[in-house]
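Undergrad: Provided below for reference: sequence and predicted model.
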Amino acid sequence: MRLYSLSVLYKGDPKVHLLKAAYDVSTFNFFQRSSVQEFMTFTSQLITERSALGSRASVKEQEYLCHVYVRSDGLAGVVIADNEYPQRVCFTLLDKVLDEFSRQVSKMDWPSGSPATISYSALDGYLSKYQVQTSGT
């Protein structure tokens, strides 16, 4: 069970844009990592774009499950995990991250924000905290 990506996006008008993201691509071949990360960013934006405000969904994309939560204020979160990761845990994580993000980052910064301009550093910590460590026996 693995988490691969955790993203915070803003579903604005006319398009969705990424505010902040964390990735764990360590299980992929070194040469694949940047394209895997691009795929995850693109997929997160696409799923958010296709989701209604105030909705939650889980979408299967290739061998991944993408869990999306779009709040009614346009703030959205996406977790990309493998098929075995518990859905309930993903949505708990998204609730927690979006609540914290909205308290720390001014709503006025969401429409124009980007990963370079938004200062919110908790995503990497959440990604590793919620990573299920599978120990070889």
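TA: Thanks, I have the structure now. Bear in mind that the values here come from a model prediction, so they are computed numbers and not experimental data. Numbers count the residues shown, from 1 in each chain.
Undergrad: pLDDT weak spots in this structure?
TA: Low-confidence segments of the chain, defined by pLDDT under 70: 133-137.
Undergrad: what segments of it are helices?
TA: Chain-ordered helices for the chain, with DSSP state H as the definition, fall at 33-49, 87-104, 123-129.
Undergrad: dig out what Asp82 forms beta bridges with.
TA: Note on Asp82: beta-bridge partners Tyr64, judged by DSSP bridges.
Undergrad: returning to what we had before: could you dump the helices of the chain into JSON lines and include distance to Tyr64?
TA: Where C-beta positions appear, they are placed from N, C-alpha and C, glycine not excepted. Listed next are these as JSON lines, based on distance: least, C-beta to C-beta, whole Å:
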{"stretch": "helix 33-49", "distance to Tyr64": "8"}
{"stretch": "helix 87-104", "distance to Tyr64": "12"}
{"stretch": "helix 123-129", "distance to Tyr64": "15"}
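Undergrad: among those, which is nearest Asp13?
TA: Of all these, it is helix 33-49 that lies closest to Asp13, at 11.5 Å by C-beta to C-beta.
Undergrad: by contact count, what packs against the closest one?
TA: Counting contacts by 3 or more C-beta pairs under 8 Å, 6 or more residues apart in numbering; DSSP states H and E, helix 33-49 packs against strand 3-11, strand 16-23, strand 55-61, strand 64-70, strand 75-82.
Undergrad: at 6 Å instead, please
TA: Here helix 33-49 is seen to pack against strand 3-11, strand 16-23, strand 64-70, strand 75-82 when contacts are counted using 3 or more C-beta pairs under 6 Å, 6 or more residues apart in numbering; DSSP states H and E.
Undergrad: cool, thanks, signing off.
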